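S.K.: what's the 3D shape of this:
(chains A, B, C and D)
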Number of protein chains: 2
Amino acid sequence: MSCSQEYTPQLRARGYRMTPQRHAILHVLCHSGKHLSPSEVYVRAQKQVAGLTEATVYRTLEFLAENGLARPSHVGNGRLVYEIANHEHHHIKCRNCGDEMEVEHNLLKSMYQKLESASGYQLTDSHVTFFGLCPDCQKGE
Amino acid sequence: MSCSQEYTPQLRARGYRMTPQRHAILHVLCHSGKHLSPSEVYVRAQKQVAGLTEATVYRTLEFLAENGLARPSHVGNGRLVYEIANHEHHHIKCRNCGDEMEVEHNLLKSMYQKLESASGYQLTDSHVTFFGLCPDCQKGE
DNA sequence: TTCCTTATTGCAAAAAGTTGCAATAACATA
DNA sequence: TATGTTATTGCAACTTTTTGCAATAAGGAA
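M.R.: Take a look at the predicted model:
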């Protein structure tokens, strides 16, 4: 309950429906704080909705992402993870130790503008993951 | 032959070996011009090396990426594609029609510096894919 | 050229993710 | 509140990607 409730009108307005499955998945994303893989979402949401399947989790996450309620991101190795889409940010991940931090979008803002004018594209999707070496791992090198 | 030959000493120097499989896969990447999915690489490389398996293609692509000879990129939906790592660039892809263009790295250079000083990270991996609407699809909206 | 070490491959099984389709259940309307 | 439409789910089969392990072969040293 709580957080996920507020999404109901958003879905209805677009002709979609709020279901116990979507409810549970949104709830999981809301209260996780970090991003989760589909199977992590599955394990947690299953406790709230008996009979939930993994296929539904995959479809729901993709659906939520398409509708701007969840943010998918590529964090290494080609696997997607998801988090709730409340504030715009990006990630930097350490190639070595896997440590990760958030980056405010306004650091990238002027670059986005340059990019838009250079390419003619209108940038919609704003999540990017950068890879590098964290301060600790740089010392080790 | 040709292009892929020059990589042999690079691998040897690090204690790795050049094999017919790696040879063929590098050759495919070199002569494709665009990025390819693992299965596309498999289909093409198989013609040069009888008995090549998909597992080997996956492992080889990951290996080449780790050693800086190939560049992996996330082009939508969580699937990885690969291309030969000869010049630094990024991609912008249209969410609507799938059209794609390259972006020169120097457009992002100053942002990379800001990011490094703000985070303390040393950014190593430089490929990013941005998503947006291409000029044509913007008109349609 | 032959031998030896060990990086690399193929195989087969497992894990992760996707898809078609019939059954179910949101929810707008009466 | 009862009803009909159709968005959504579960199921099961399928595709894609990963992994362990024994067999193979690259290439340095004798």
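
S.K.: Note down every partner strand of the helix or strand bottoming out on mean pLDDT in chain A and its orientation.
M.R.: Lowest on mean pLDDT, DSSP states H and E among the helices and strands of chain A sits strand A:122-125, with a mean of 84. Applying DSSP bridges, strand A:122-125 is found paired with strand B:129-133 (antiparallel).

S.K.: What's the mean pLDDT across the partner strand?
M.R.: Mean per-residue pLDDT for strand B:129-133: 89.

S.K.: contacts for that strand?
M.R.: The contact list for strand B:129-133, computed with C-beta atoms under 8 Å, 6 or more residues apart in numbering or on different chains, reads A:115-116, A:121-125, A:128, B:73-76, B:90-96, B:103, B:141. Heads up, the C-betas are built off the backbone N, CA and C, glycines and all.

S.K.: gap between residue A:60 and residue A:111?
M.R.: 33 Å (C-beta to C-beta, to the nearest Å).

S.K.: The two - which one has more neighbours?
M.R.: residue A:60 (22 against 18; other C-beta atoms under 10 Å in any protein chain shown).

S.K.: How many residues are close by residue A:102?
M.R.: Neighbours of residue A:102 under the rule other C-beta under 10 Å: 12.

S.K.: Tell me what the nearest residue to it once chain neighbours are set aside is bridged to.
M.R.: Among residues not flanking residue A:102 along the chain, residue A:89 sits closest, at 4.7 Å (C-beta to C-beta, 6 or more residues apart in numbering or on different chains). In this structure, residue A:89 bridges to residue A:104 when assessed by DSSP bridges.

S.K.: Read off the pLDDT value for residue A:89.
M.R.: Looking at residue A:89, the pLDDT reads 90.

S.K.: isn't it right up against residue A:104?
M.R.: Yes. The pair residue A:89 and residue A:104 passes the contact test of C-beta atoms under 8 Å, sitting 6.1 Å apart.

S.K.: For those two, indicate the residue with more neighbours.
M.R.: Taking neighbours as other C-beta under 10 Å, residue A:89 and residue A:104 compare with residue A:89 leading, 18 against 12.

S.K.: roughly how far apart are the residue nearest to residue A:102 and residue A:71?
M.R.: From residue A:89 to residue A:71 the distance is 9 Å (C-beta to C-beta).

S.K.: and if you look at residue A:93?
M.R.: Residue A:93 sits 15 Å away from residue A:71, going by C-beta to C-beta.

S.K.: picking up where we left off before, what residues do residue A:89 and residue A:71 have in common as contacts?
M.R.: Counting by C-beta under 8 Å, 6+ apart, the contacts common to residue A:89 and residue A:71 are residue A:127.

S.K.: Surely residue A:26 forms part of a strand?
M.R.: No. Using DSSP: H, G, I helix; E, B strand; the rest coil, the assignment for residue A:26 is helix, not a strand.

S.K.: which residues does residue A:70 bridge with?
M.R.: Under DSSP bridges, the beta-bridge partners of residue A:70 are residue A:84.

S.K.: residues from chain A in reach of chain B?
M.R.: By the rule C-beta under 8 Å from any C-beta of the partner chain, the part of chain A lying against chain B is A:72, A:74, A:77-80, A:92, A:94-95, A:101, A:103, A:107-108, A:110-111, A:114-116, A:118-125, A:128, A:130-135, A:138.

S.K.: Just these: which are in strands?
M.R.: A:72, A:74, A:80, A:92, A:94, A:101, A:103, A:122-125, A:130-133 (DSSP state E).

S.K.: Please list which of the residues you listed are also close to DNA strand C.
M.R.: Among these, proximity to DNA strand C is found for residue A:80 (C-beta under 7 Å from any atom of the strand).

S.K.: Buried ones only from the ones in strands among the residues of chain A next to chain B, please, as a PyMOL command.
M.R.: Remark: buried members of those, expressed as a PyMOL selection using 16 or more other C-beta atoms under 10 Å in any protein chain shown:
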select buried, chain A and resi 72+74+80+92+94+103+123+125+130+131+132+133
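
S.K.: Since that was my last question, I'll sign off now.
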